[in-house]
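> Below is the structure, and that's it, no one-letter string:
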């Protein structure tokens with residue numbers, strides 16, 4: 001019996017020794033475990049911040065509503081177009097990266113509650129003039145854009161199937177499109193109207209184009225795919241019924257503001273046509289309060305007026321915002337402006353409280369201008385950097401061009417709206 005008790009006592013002693021040794025090792029490891037845990041937390045926070053900063057702007061939905069009586073600023077730009085040569089300048093070993101092109105204008109676009117531009121071209125696997133990789137949409141999203149007009153000269157340059165692929169790519173990039181439909185069912189359901197609720201103000205967007213590039217036609221069996229301003233190929237007969245019906249569909253959404261984006265006029269022509277003024281009047285008479293134009297490659301007049309007909313508040317017609325990202329060769333056709341329009345709800349009514357323009361210039365490599373980059377300049381900022389001898393300043397010839405461009409643009413816009 002004594003042998004059994006002794007054996008049990010030795011086993012118990014061994015277990016106690018093992019427990020004491022294990023406790024000693026745990027105490028020794030504890031500071032390292034705490035340190036590793038803290039490092040893990042810090043790494044996790046760092047990764048979160050890194051991932052968050054890669055998507056600085058969450059896509060807005062029609063349900064986005066902020067506190068009532070908050071102001072809303074919408075930033076509009078003109079044509080967004082690129083040649084193949086310009087696109088190749090942004091090719092990297094990992095693919096295309098267009099973000100450097102927008103570095104000068106990103107702050108202003110992101111500061112707006114909505115940013116809207118006219119995407120001239122299609123998203124395609126085959127890169128060429130006016131055919132872009134999806135990476136361009138990623139850069140536009142990151143720069144601050146929310147809505148892209150797709151009713152323009154290149155809507156069906158790759159057929160209705162190309163239009164459908166473009167709209168799908170825009171949606172996948174977190175953006176929304178207006179002016180075209182991928183299917184007849186979509187056209188029947190939306191009536192070409194895009195609704196955005198922002199800060200308690202409800203906006204209805206429409207978009208139209210005069211026609212297609214190089215006399216290309218929208219297929220007869222797919223006339224529902226693109227909203228057109230004219231019913232003939234010579235741009236003589238205004239499609240009055242179609243325009244009026246589109247605005248009625250927009251009014252049926254009970255918006256506070258109806259915005260019409262129009263791709264019209266003649267390329268490289270600063271003169272307004274008679275039909276442009278008639279279309280503007282038709283839109284205003286039926287309830288549109290803001291008309292924003294593109295296509296001519298030149299900045300045009302921005303006119304303020306009192307609304308009439310269905311809409312009785314103040315109204316604005318910006319006949320052309322010029323080129324934002326330009327595919328033009330002509331130096332004087334690469335200027336554009338960011339139109340900022342501010343809205344506020346007061347006493348139940350929504351009104352425009354401010355309208356201003358920020359001049360921009362789309363550069364391309366040029367020996368004469370001592371420029372090596374394709375990028376969109378905020379003209380005021382670029383000129384200030386030059387005057388302050390900032391390290392990343394533009395060249396002296398470019399500075400002089402920007403100065404002349406600003407002076408010319410104020411004349412083009414007119415006296416009712418000032419440049420910022």
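On my side now, so go ahead. Values in this document were obtained by computation on a predicted structure and should not be read as measured data. Numbering: from 1, shown residues only.
> and residue 342, how far is that from residue 289?
13 Å (Cβ to Cβ, to the nearest Å). The C-beta positions use only the backbone N, C-alpha and C, and glycine is treated the same way.
> scratch that, residue 271
Going from residue 271 to residue 289 by Cβ to Cβ gives 25 Å.
> Which one of those two is surrounded by more residues?
residue 289 (28 against 10; other Cβ atoms under 10 Å).
> For the chain, which segments count as helices?
Listed in chain order, the helices of the chain (DSSP state H) span 2-54, 84-88, 106-111, 134-143, 159-172, 184-190, 240-251, 274-285, 379-387, 396-413.
> Lowest average pLDDT across those?
Mean pLDDT is lowest for helix 2-54 among those, at a mean of 49.
> Can you report the mean pLDDT over the residues of stretch 330-345?
Regarding stretch 330-345, the rounded mean pLDDT is 94.
> Only the buried residues of it, if you could.
333-345 (16 or more other Cβ atoms under 10 Å).
> ok, now stretch 372-389?
Buried residues in stretch 372-389 (16+ other Cβ under 10 Å): 374, 375, 376, 377, 378, 379, 381, 382, 383, 385, 386.
> what about it, how long is it end to end?
18 Å (Cα to Cα, to the nearest Å).
> can you list the residues that contact that stretch?
With Cβ atoms under 8 Å, 6 or more residues apart in numbering as the test, stretch 372-389 has contacts from 86, 89-90, 100-105, 108, 324-325, 358-365, 390, 392-394, 396, 398-399, 402-403, 405-406, 419-420.
> For residue 206, list the residues it contacts.
178-179, 192-194, 227, 246-247, 250, 258-261, 288.
> Buried only: go through these for me.
178-179, 192-194, 227, 246-247, 250, 258-261, 288.
> start to end distance for stretch 344-354?
10 Å.
> Going by neighbour count, list what's buried in that stretch.
344, 345, 350, 352.
> likewise stretch 360-375?
So stretch 360-375, judged by 16+ other Cβ under 10 Å, has buried residues 360, 361, 362, 363, 364, 369, 371, 374, 375.
> centre of the chain versus that stretch, how much separation?
Average the C-alpha atoms of stretch 360-375, do the same for its chain, and the two points are 22 Å apart (Cα atoms, centre = their mean, to the nearest Å).
> cool, stretch 410-420 as well?
The answer for stretch 410-420 is 23 Å, by Cα atoms, centre = their mean.
> Could you do stretch 405-415 as well?
24 Å.
> Give me the residues contacting it.
So stretch 405-415 is contacted by 270, 298-303, 332, 335, 337, 357, 359, 361, 379-380, 383, 418-419 (Cβ under 8 Å, 6+ apart).
> Which ones among those residues map onto strands?
302, 303, 335, 337, 357, 359, 361 (DSSP state E).
> So the second one is in contact with residue 314, correct?
When you say that, I think you mean residue 303. No. Residue 303 is beyond contact range of residue 314, at 11.2 Å (criterion: Cβ atoms under 8 Å).
> Show me which of the two is the more surrounded one.
The residue with more neighbours, out of residue 303 and residue 314, is residue 303; 18 against 15, by other Cβ under 10 Å.
> Quick check: the more buried one vs residue 280, distance?
Taken as Cβ to Cβ, the span from residue 303 to residue 280 is 9 Å.
> Which two among the ones in strands among the contacts of stretch 405-415 are spaced furthest apart?
The span of these, defined through Cβ to Cβ, is set by 303 and 361 at 23.5 Å.
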